[in-house]
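Q: return atomic coordinates for the entry below.
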Amino acid sequence: MAQSPILSPTMRIVGIIGKVLIAGGITLLLFTAYQIWGTAIQEAHTQSALRSSLEHETRNAQVRRALAEATALAKLPTGPPVAAATTSAPAEGKAVGELRIPAIGLNQVVVEGTNTQDLRKGPGHYTGTPLPGQTGNAAIAGHRTTYGHPFYSLNVLKVGNPIVVTSIQGIFVYDVTKTQVVAPSNSSVIANTPGVHLTLTTCNPRFSASTRLVVTGVLAHSQLFANPGLPRGVAKRPKSNNLAGDSNGQLKDAIFWGALVLMAGAVILLLAHLFPRPRWIIYVVGTAGLLVPLYVFFGAISPLLPASF
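A: Residues are numbered from 1 along each chain as shown. Below you'll find the predicted structure:
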């Protein structure tokens, strides 16, 4: 019976390095798949829950009917634009209303807030700016390539394209007036303005956060609902001077889970070296067990990336 060749220490080191490089490449591919598809699945689940909340928790029959018609792309209101009353915003992470942009096929529920957790749920309303339909400049941020990428095609919008927001206060149709690319620190685009405006922001270009793509619209038509039942209030201005898109994750969490994944991978390689005959079983079982901490590790890395990435 032929004996296995005895490998020199150098060859063994090269073999180990090769396995590490292969594992690293596979991990990178898995993370890319997680960012593009895994986060989209998470966002879709959250959007479903938010939409259900928006449709069923309100007691206003007009709102329920409008949301149902908006989902079916019913005829948009054509009456003269009338601003809604100034009211307090929902709690952070709660539904603000439904955002539709027919030109790019967008139909998403907007949440209050633009931090990492908020934007994982869907487009986020900049806390402190007026709510959609109210006097001033209502501002909304959204992901460009991850978590359902609601603003992926924001760049194709042209002047005159309608943007429709349905909230508990009414249906508000904005016409696009301008698109521009600005620095992440240029918060002047979400500053309050006379009139009734809507501003959408997202990271630019795709798969990058070096700049921000900004789309501005002005209220063209509106249909107010009777007795929306919202408390009047005056919104505070945003705390941050930067546009949404900065990372705000915890590096220590990523380091912890990354170290755990590395240790688990090292244990798998060690067991495969000590028990070579059932090596394939060790790799299969070990890889299956590694998927759980790897998934958590990916989730810890994501907040370190730009929030609107």
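Q: next, Gly217: phi, psi?
A: With angles defined as degrees, to the nearest 10, Gly217 sits at phi -140, psi 160.
Q: skipping adjacent residues, who's closest to it in space?
A: Distances taken as C-beta to C-beta, 6 or more residues apart in numbering place Tyr174 nearest to Gly217, at 3.3 Å, with adjacent residues excluded. C-beta coordinates here come from the backbone N, C-alpha and C atoms, glycine included.
Q: that neighbour: helix or strand, and which one exactly?
A: Assigned by DSSP states H and E, Tyr174 belongs to strand 170-182.
Q: wait, a helix at Ala44?
A: Yes: counting by DSSP: H, G, I helix; E, B strand; the rest coil, Ala44 is part of a helix.
Q: how much space between it and Tyr147?
A: Taking C-beta to C-beta, to the nearest Å as the measure, Ala44 falls 9 Å from Tyr147.
Q: coming back round to it: now the residue nearest to Gly217, which residues is it bridged with?
A: Ile163, Leu219 (DSSP bridges).
Q: touching, it and Val218? I think so.
A: Yes: counting by C-beta atoms under 8 Å, Tyr174 touches Val218, with 6.2 Å between them.
Q: mutual contacts of the two, please.
A: Counting by C-beta atoms under 8 Å, 6 or more residues apart in numbering, the contacts common to Tyr174 and Val218 are 197-198.
Q: more neighbours: which of the two?
A: Shown here are Tyr174 and Val218; by other C-beta atoms under 10 Å, Tyr174 has more neighbours (28 against 15).
Q: contacts only, for the more buried one.
A: Tyr174 neighbours (C-beta under 8 Å, 6+ apart): 162-165, 197-198, 217-220.
Q: just give the number of residues close to Tyr34.
A: Other residues near Tyr34 come to 21 when the count uses other C-beta under 10 Å.
Q: oops, could you answer that again for Leu270 instead?
A: Leu270: 11 surrounding residues under other C-beta under 10 Å.
Q: how close does it get to Val296?
A: As for Leu270, its distance to Val296 is 22 Å (criterion: C-beta to C-beta).
Q: tell me the helix or strand right after the lowest-mean-pLDDT helix or strand in the chain.
A: Lowest by mean pLDDT, DSSP states H and E among the helices and strands of the chain is helix 61-71, with a mean of 62. Next along the chain after helix 61-71, taking DSSP H and E as the criterion, comes strand 95-101.
Q: pairing partners for that following strand, with directions?
A: strand 106-112 (antiparallel), strand 162-167 (antiparallel).
Q: can I get it in PDB? Just the C-alpha atoms.
A: Only the C-alpha atoms of strand 95-101 are listed here, as PDB (Å, rounded to 0.1, in the frame of the first residue of the first chain):
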ATOM      1  CA  ALA A  95     -44.200  54.500  10.900                       C
ATOM      2  CA  VAL A  96     -44.500  58.000   9.500                       C
ATOM      3  CA  GLY A  97     -46.400  57.300   6.300                       C
ATOM      4  CA  GLU A  98     -46.100  55.600   2.900                       C
ATOM      5  CA  LEU A  99     -43.700  56.900   0.300                       C
ATOM      6  CA  ARG A 100     -44.400  56.200  -3.400                       C
ATOM      7  CA  ILE A 101     -42.400  57.200  -6.400                       C
END
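Q: what's the angle from it to strand 170-182?
A: 70 degrees (axes from the mean of the first three to the mean of the last three C-alpha atoms, to 10 degrees).
Q: so which residues of this protein form strands?
A: For the chain, the strands defined by DSSP state E occupy 95-101, 106-112, 124-125, 136-141, 162-167, 170-182, 196-204, 211-224.
Q: what lines up beside the shortest one in the sheet?
A: If I follow you right, that is strand 124-125. As defined by DSSP bridges, the strand partners of strand 124-125 come to strand 106-112 (parallel), strand 136-141 (antiparallel).
Q: out of these, which is the most enclosed?
A: strand 136-141 (a mean of 26; mean count of other C-beta atoms under 10 Å).
Q: show me where pLDDT drops low in the chain?
A: Applying pLDDT under 70 to the chain flags the ranges 1-7, 57-76, 227-241, 245-249, 306-309.
Q: rewinding a little: so which of the strands paired with strand 95-101 comes closest to Leu274?
A: Among those, the nearest to Leu274 by C-beta to C-beta is strand 106-112 (50.7 Å).
Q: output that closest one as CSV - backbone C-alpha positions only.
A: What follows is strand 106-112, C-alpha atoms only, in CSV (Å, rounded to 0.1, in the frame of the first residue of the first chain):
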residue,chain,number,x,y,z
LEU,A,106,-40.9,52.7,-5.1
ASN,A,107,-43.6,51.9,-2.5
GLN,A,108,-42.2,51.9,1.1
VAL,A,109,-43.2,52.8,4.6
VAL,A,110,-41.1,55.6,6.1
VAL,A,111,-40.0,55.4,9.7
GLU,A,112,-39.1,58.1,12.1
